[in-house]
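J.: how does the following fold in three dimensions:
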Amino acid sequence: MSVYTNRITVRISGKDYTLIHDETDEYVHRIAHYLNTKIIEASKMGIQQGESTPLVLSALTVTDELFKSQKNFNTLKNEIKRMMDEYEKLKQQNQIFEDQLIEMSENVDKLQKELLVKEVEFNEYKKFAEE
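T.: Modelled structure (predicted):
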């Protein structure tokens with residue numbers, strides 16, 4: 001059973017090709033147009049050694065673009081992974097800092113209470129010493 005459900009005829013380099021595909025017709029027309037543009041560019045290079053030369057040159061150009069796009073994609077994917085790993089480390093550090101802040105705040109509260117107790121004791125001692 002075939003996955004491809006659509007049939008379309010496109011003209012590439014002056015010849016009609018019937019394609020069976022699972023994309024939208026608009027998409028297939030766009031890639032056929034893109035390929036035709038590359039063939040025209042290759043034809044304008046001035047090297048005419050037969051009708052297949054522009055096709056081969058354009059195929060090489062498109063393949064080169066594909067390889068470079070894949071390389072860029074992999075580079076970006078690796079950069080995203082690195083950034084996500086860094087994000088996770090920063091989240092962990094942030095949690096540690098938040099825990100430390102809570103602990104320090106509790107220590108400040110405890111020390112303030114001790115200070116109040118000492119101030120009360122000092123004031124009582126001062127009153128006692130003045131009597």
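J.: sticking with residue 3, tell me its helix or strand.
T.: Taking DSSP states H and E as the definition, residue 3 sits outside all helices and strands.
J.: ok, and the closest non-adjacent residue to it?
T.: For residue 3, ignoring the flanking residues on the chain, the nearest one in space by Cβ to Cβ, 6 or more residues apart in numbering is residue 22 at 5.8 Å. To be clear about C-beta, it is placed using only N, CA and C from the backbone, and glycine gets the same treatment.
J.: the one you found reaches residue 7, doesn't it?
T.: No - using Cβ atoms under 8 Å, residue 22 makes no contact with residue 7, being 10.9 Å away.
J.: what about the strands in the protein?
T.: 6-12, 15-21 (DSSP state E).
J.: list the contacts for the closest residue to residue 40 other than its chain neighbours?
T.: Counting by Cβ to Cβ, 6+ apart, residue 54 is the residue found nearest to residue 40 once chain neighbours are left out, at 7.8 Å. Residue 54 makes contacts with 13, 39, 40, 42, 43, as judged by Cβ atoms under 8 Å, 6 or more residues apart in numbering.
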